[in-house]
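> Turn this into a structure:
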Amino acid sequence: MKRFLIFTFSLAALVQIASCKKWKYDESSAPKTNAIVENAFAEMANMSDQAYKGGVFVYGIDKPIYKYQDSHIVTEAEKANCNVIITLDTVGVQDTITIDWGNNNCTCQDYKQRRGKLIISYNGAYYNQGTIVKFTPVNYYVNDNKVEGVMTVENMGVNSQSQPYYNVDINGVVTLTTGEVATYVSAQVRTFTNGYNTVWNIADDEWDITGTATAQVVNGDGYVANVTSPLHVKAYCAYITKGTLEITPTGKSTRTIDYGNGNCDGTFTIEINGHTYTINV
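All right, here's what the predicted structure looks like:
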């Protein structure tokens, strides 16, 4: 069985905690835009893993339709209220998973509305060096924000500490309900720091994330995001536990977010123009 990214965070998704509320001291829309854009891509890997294993957390009430294609024989299982269809095709050289929510919004169990398709292609097992997984949205919307482009995840093998690491590249365009159109480019390295020897135990998974992102935004603030100290995330912790991230909106001061020293407590600080604010989520 192939395993995809079980627990994914990316640069903007990491900012989501900080941007879920309007900062009274921050006039820029960049952090919120950043969170929406990359969170839309980050969650794709979790959905593909659930689709392969038969999980239904993000798909809606009851069960989706599963189509297992093997030797050109297709069988279908029970239909969901949201008419979600999951197709697994392992016949060709390039295996694919397609998640189809249909043309109307489906209220999923994570309380987000989705419609359209997500196509995932892969050429090997998740843990094999050289495996490349591509995520391509097709007429895909999350909460009526249109998501386009591609996210590519490549297994690069192990580093000098014998830890598996992955290059994650995102080239996307997201049209927000606010009228903003964000053209987004992100290059990250995700290092599997703990749990890589226990393939079927997600609970002990931990990751370090480094990288940069840039966005050109029509009708909004463009920005550059940069991880200045590796961002550390743990499975079953809803918060980033340590690391620092800088976001610089075009023509505005840099916002520096410090996520602490490793505690899973939802506390972090934001520094803007020499003033530091403590946030407790």
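> helix or strand for residue 162, which one?
Residue 162 is part of no helix or strand when elements are defined by DSSP states H and E.
> Identify the residues contacting it.
Applying C-beta atoms under 8 Å, 6 or more residues apart in numbering to residue 162 gives no contacts. Every C-beta, even on glycine, is put in place using the N, C-alpha and C of the backbone.
> Residue 208 is in contact with residue 232, isn't it?
Yes - between residue 208 and residue 232 a contact is recorded at 5.6 Å, counting by C-beta atoms under 8 Å.
> shared neighbours of the two, anything?
Listed as contacting both residue 208 and residue 232 by C-beta under 8 Å, 6+ apart are 193, 243.
> where in the stretch 51-200 of the chain is pLDDT low?
51-83, 93, 109 (pLDDT under 70).
> What are the boundaries of the strands in it?
With DSSP state E, counting those that start in this stretch, the ranges of strands along the stretch 51-200 of the chain come out as 65-70, 73-76, 85-89, 95-107, 113-122, 132-142, 145-158, 164-175, 181-194.
> In CSV: those strands, plus mean neighbour count and distance to residue 249.
Converted to CSV, the strands of the stretch 51-200 of the chain look like this (neighbours: other C-beta atoms under 10 Å; distance: least, C-beta to C-beta, whole Å):
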stretch, mean neighbour count, distance to residue 249
strand 65-70, 15, 43
strand 73-76, 10, 48
strand 85-89, 19, 39
strand 95-107, 18, 31
strand 113-122, 20, 28
strand 132-142, 19, 23
strand 145-158, 18, 19
strand 164-175, 19, 17
strand 181-194, 20, 12
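> Just tell me which of the ones you listed ends up closest to residue 220.
strand 181-194 (7.1 Å; C-beta to C-beta).
> and that closest one with strand 145-158, angle?
Counting by axes from the mean of the first three to the mean of the last three C-alpha atoms, to 10 degrees, strand 181-194 lies at 30 degrees to strand 145-158.
> now the most centrally placed residue in the chain, what's its secondary structure?
Note on the chain: the residue nearest the mean C-alpha position is residue 42, at 0.5 Å, using C-alpha atoms, centre = their mean. Recorded secondary structure, residue 42: helix (DSSP: H, G, I helix; E, B strand; the rest coil).
> pLDDT wise, what is it at?
Note for residue 42: predicted pLDDT of 77.
> again with the one 5 residues further on
Confidence at residue 47, expressed as pLDDT, is 75.
> related to what we said a few turns ago, pipe the strands of the stretch 51-200 of the chain into a markdown table and attach distance to residue 244 per row.
Below are the strands of the stretch 51-200 of the chain laid out as a markdown table (distance: least, C-beta to C-beta, whole Å):
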| stretch | distance to residue 244 |
| --- | --- |
| strand 65-70 | 43 |
| strand 73-76 | 49 |
| strand 85-89 | 39 |
| strand 95-107 | 35 |
| strand 113-122 | 32 |
| strand 132-142 | 27 |
| strand 145-158 | 24 |
| strand 164-175 | 19 |
| strand 181-194 | 15 |
